[in-house]
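Q: Structure for this input, please:
(chains A and B)
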Amino acid sequence: MATRGRSGFGRSLPEQGLLLLAILVLLDGTVMTLEAEVSSETDTHEGKNNITKKLFPVLGIKYEEVSIPFEISLWVLLASLMKLGFHLIPRLSNVVPESCLLITVGLLVGGILKLTRDEVPPVLSDQIFFLCLLPPIILDAGYFLPIRPFVENIGTILMFAVVGTLWNAFFVGGLIYAVCQLAQDNYSKINLSDIGILPCLLFGSIISAVDPVAVLAVFEEIHINELLHILVFGESLLNDAVTVVLYHLFEEFMDSGSMSAVDAMLGLISFLIVALGGVLVGAFYGILAAFTSRFTSRTRVIEPLFVFLYSYMAYLSAEVFHLSGIMSLIACGAVMRPYVEANISHKSHTTIKYFLKMWSSVSETLIFIFLGVATVEGEHQWDWIFITATLILCLVARVIGVVGLTFIINHFRIVKLTTKDQFIIAYGGLRGAIAFSLGFILHSDHKKIFLTAIITVIFFTVFVQGMTIKPLVELLAVKKKQETKRSINEEIHTRFLDHLLTGIEDVCGHYGHHHWKNKLNRFNKRYVKKMLIAGDRYREPQLIAFYHKLEMKQAIQMVESGGGSKLNSSFPSTVSMQNLQPKVQSPTSAQPAERALPQLTKGREEEIRQILRTNLQKTRQRLQSYNRHTLVVDPDEEGFDNLILKKRRMMEMDYKLKKMTNYLSVPRPQGSPTMSRARMASDSQAYVKPGAKGVPTIQIDLASPQSPESVRLLNEVRQDQGLTMSLPSSSSRAYKTGGKDDSRDQKLLRCLSDPGPSADEDEDDDEDEPIPT
Amino acid sequence: MGSSRSSLSLVPDGQQLLQETGFSAAHLLRLHERFRFLDKHGRGHLRSEDLEAELSLNPIGDRIVGAFFQPGQEAVDFPSFVRVLAHFRPMEKNRTCAAVQPERANSRNRKLKFAFQLYDRDRDGKISRTELLQVLREMLGLQVTEEQLQSIAERGIQEADLDRDDAICFDEFRKSLEKVNIDQKMSVRFLE
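A: The predicted structure follows:
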């Protein structure tokens, strides 16, 4: 809660937020109304001016030229401001998931529009939805799909997606038909028994699909463990193929009025074509994108554009052939990602990540608002029996489906799904805007009642299930997402175990999981990577890339923690790799001569230096103005301990390395042009101590460069009292073991150790990981 | 059960192995067939060449082969073969028996111990830097330079080594893998 004195009006922040929201809603409504009036005004003006000579218009209004972009921007602005507003009110966003609030806002705006204009713009037309709003969300999901858990659980996911959705569709469709036939006429306004079996099945197929947008929106906030998340989410993505086929199948035969067994067979074949075709189209575009990114080293600026364009083309191409656009998009993103990430620059990667997040976030917000608006707009027909029956049947079908399938699946799984897991999976089967849009484009006689029922189910799942899932997760003590990062040990051991398991499978003569995975990896390494990855990077194994990432992060971390220490452990590896004279033949050394040195490409080296340099330049400001958004050091003492230990180790290692002068054939610091460039570029804020042999070092000047006394180096204290600063010694040994305990600096450092919003870091690690091979 | 019991008698120490390892009779027979298939010369035991033929492409193949053989031995008979493979059975869920029976071969601890021994070839109870380096060299091979390997090995030791003796003992090894789902990573479904 903000203090009263802060804002000039004496109101607290949440209240301000609410006020802002209310104002915005009203504003939007009035602008829309105004627009309608203005456009009619200008028409009449035109008529009059034909007769008399008109004076030069100094100021005029020409609204209709910009009306469409203007309206679109206004809607997007509204959506973004809503999102902003909700996060200003922390209590509200903890209790109610964002999707509910957004739907409510949509209802309000829709209500206002209806009151003022008597008609509401059809904002959730299927064109807008399927072509503009849905793709960003799906691309975001597909590009950052965690491949390893997805593939490990692919069998389960497919079972749920295909069999589960089919079961849902037929169960709901069939039973609702039965209910309609049995319903007595005097209870309902319309004749329910008019609804034939095929429209019922069509309705069932629309309503049975779990919606990825809703699942994402709700599950994102509850931070559930990875397995459950990927199961429900994967199911919501893959059931698109089933939905598409069923929808088209039943729609086709609704006109003819009957369906035969041959049609069912054709439907099955169609399903395979839709699913596999979608995936193939996506994979094709993904490979194209990867191939293109191989050549973008000179035009880094448009790299993100290729990713977006190829993905969108994949989606559109699939839609042209009535294939599953969602699966195509997912396949495209997942296929292109490892190769593209190896090729593009760090900045492009960040750009892609943030653009995708931004677009998908805005899309999601808009979808929910439009859902609210469309609810107000649509013509409804309320029938108690039909709607309650639908609702109950949907819930029951989902529960039975999940329980039944889990029973079968658990025979094939190593890690079984417990009852708790099953409950969450069943409970997380939310319906959303896709169902609504599909219902919207129906050409049925009973469209109104179907639409009403669909909206009711959507509202129920989003509001009731969405709001209660968080407390239920807490109540059932379901395992949450693990927040910590992977260590290099985990990575090494995991790969070791992979090899081990492959070997054991070979010994047993069993062509299992690992065998095929190994084969795929080998194929990937030998042929695919060579074609799609630029330069020498294709030879770089997964572990090395991971290691680089860790080292970079650690370097940044150390610099940000006010580190004036030698960036040692990062440099031996990077420096040795920018070996300018390649090691041709060294008969004296023990290393085999055929080991080709993977040269650290200029691009990569440039990036590392960029990052370090920008952090160096910012360090001065950071120390003076405490900024909690940019610091990453651990707050607890143990974290500090580790940091100190690491630094000590690196120091010791450096001493050892200094002894082994022939160990690294690194040119001396003065001779290395890249190192001296790094020195010069960082101007007065870094200088290299002359006379340092062996490993070049960079010592960072944190204070202003006016006088040599103000040069401070970070130092370690043996008794682990925390990081302290001390004056440098003039001798060649750059460290003193004892330091003066500057309590002010220590306090500052402890302040700096607040990690701030850590969501960013977690995201980084989870999503940055390319396909583990 | 009658037919399988009679063929089970062909398997040396069949009953005892059933109890010890927890395999079912069908599995045991399948493994026995596989054993006889690998044993190309019909000697009744396997030598390292027989196993190496299967593991030629595997970067850590020779370690895996070495794990089957007791130190100093050159031949592995069927019971030892089965005992090693028993480590890779998926773990059971029933915890009630855990306290009563001796620790089963496929418990998490035993699995980790097996993996640890693959690293620790000289069996001194610790993974030293050189041993870790050897493993990395085998896995990453010719694709990286010696310096990179050294750095990775160094970092690995730094991260895991809590008692600062410059080597990873079994407890540290276990701790560094506590977040990994060992059951999934070290089980072959075939052997369930």
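
Q: ok, and A:Tyr285, which helix or strand is that part of?
A: Using DSSP states H and E, A:Tyr285 sits in helix A:261-293.

Q: Which one of the residues in the stretch 301-450 of chain A is closest to chain B?
A: A:Ile414 (5.0 Å; C-beta to the nearest C-beta). (Glycine included, C-beta is placed from N, CA and C.)

Q: can you count the residues close to the residue lying closest to B:Glu74 once chain neighbours are set aside?
A: The shortest distance from B:Glu74 to any non-neighbouring residue, by C-beta to C-beta, 6 or more residues apart in numbering or on different chains, is to B:Arg47 (6.3 Å). For B:Arg47, the count of nearby residues is 17 (other C-beta atoms under 10 Å in any protein chain shown).

Q: same question, B:Ile182
A: By other C-beta under 10 Å, 19 other residues sit near B:Ile182.

Q: Local confidence estimate at it?
A: Note on B:Ile182: pLDDT of 75.

Q: How much space separates it from chain A?
A: Taking C-beta to the nearest C-beta, to the nearest Å as the measure, B:Ile182 falls 8 Å from chain A.

Q: which residues touch that residue?
A: B:Arg108, B:Lys111, B:Leu112 (C-beta atoms under 8 Å, 6 or more residues apart in numbering or on different chains).

Q: Quick one: neighbours of A:Phe321, just the number.
A: Counted with other C-beta under 10 Å, A:Phe321 comes out at 14.

Q: how about the strands of chain A, start to end?
A: In order along the chain, chain A carries the following strands (DSSP state E): A:686-687, A:699-700, A:713-715, A:724-726.

Q: Scan the helices and strands of chain B for the one with the lowest mean pLDDT.
A: Within chain B, no helix or strand scores below helix B:2-8, which has a mean of 53 by mean pLDDT, DSSP states H and E.

Q: is the helix or strand just after that one anywhere near chain A?
A: Toward the C-terminus, helix B:2-8 is succeeded by helix B:14-21 as the next helix or strand (DSSP H and E). No. Using C-beta under 8 Å from any C-beta of the partner chain, helix B:14-21 stays clear of chain A, coming no nearer than 13.9 Å.

Q: Could you give me the buried positions within helix B:14-21?
A: Across helix B:14-21, burial judged by 16 or more other C-beta atoms under 10 Å in any protein chain shown covers B:Gly14, B:Leu17, B:Leu18, B:Glu20, B:Thr21.

Q: Flag whichever of those residues scores worst on pLDDT.
A: Confidence by pLDDT is poorest for B:Gly14 among the buried residues of helix B:14-21, given 71.

Q: all helices in chain B, in order from the N-terminus.
A: Counting by DSSP state H, chain B has helices at residues B:2-8, B:14-21, B:25-38, B:48-54, B:61-68, B:78-86, B:108-119, B:129-140, B:146-160, B:170-176, B:182-185.

Q: Pop out the phi and psi values for A:Ser324.
A: Note on A:Ser324: its backbone torsions stand at phi -80, psi 110 [degrees, to the nearest 10].

Q: what's near enough to touch it?
A: By C-beta under 8 Å, 6+ apart, the contact set of A:Ser324 is A:Asp240, A:Ala241, A:Val244, A:Val274, A:Ala275, A:Gly277, A:Gly278, A:Ala318.
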